[in-house]
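Participant: Sequence unavailable; structure follows:
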C-alpha cells in the first residue's frame, strides 16, 4: 500500500471526478532543461485536466529535498529547479488547452511534519470544492 500523501490526494481526485487519471503522465511538449519530458502528477484526458499536488517542499525550503550544496543539470539548486518546472507547467499546459489545478498540502488538516491528517469524508469535501471551484 502506498501511503504517500500525493497518492492519497490523487485517489481522492479520481473518486470526485469518477475517473482514473494517468499518473506521472508525460506530454511531448512539456520538457525539462535537458529535453527530457516533465511528468505531471495526474492527467485526465477526458477533461483535458492536469492536477498537481504541492507538498510542503514546493513552497518551503527543505534541505533533504533541495540539496542546496548540489546543483542540478540546469545549474541551479533543486529548489530553484522545482520552481522553474512548476512555472513551466503553469505556462505551457494552458497553451495546449489543458487546465492545471494545483492542490496544496495546506488545503488539508496536516500535522507538524506537514503530512495530511486523513479524514476521507472531510478530505473528499476539500477536493470536491477545489475541483469545482
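Facilitator: Cool, got the structure. Predicted model, so just to flag it, every value in this text is computed and none were measured. Numbers count the residues shown, from 1 in each chain.
Participant: contacting residues for residue 43?
Facilitator: Residues near residue 43 by C-beta atoms under 8 Å, 6 or more residues apart in numbering: 21, 22, 25, 27, 49, 50, 98. Every residue, glycine included, has its C-beta placed from N, CA and C.
Participant: Let me know the next secondary structure element after the lowest-mean-pLDDT helix or strand in the chain.
Facilitator: Within the chain, confidence by mean pLDDT, DSSP states H and E is lowest for helix 63-66 among all helices and strands, at a mean of 52. Next helix or strand after helix 63-66 toward the C-terminus (DSSP states H and E): helix 78-95.
Participant: list the helices and strands whatever helix or strand comes next after that following helix packs on?
Facilitator: On the C-terminal side of helix 78-95, the closest following helix or strand by DSSP H and E is strand 99-104. The helices and strands touching strand 99-104, judged by 3 or more C-beta pairs under 8 Å, 6 or more residues apart in numbering; DSSP states H and E, are strand 49-54, helix 78-95, helix 120-132.
Participant: What residues sit buried inside the last one?
Facilitator: Spelled out, it's helix 120-132. By 16 or more other C-beta atoms under 10 Å, the buried positions in helix 120-132 come out as 123, 126, 127, 130, 131.
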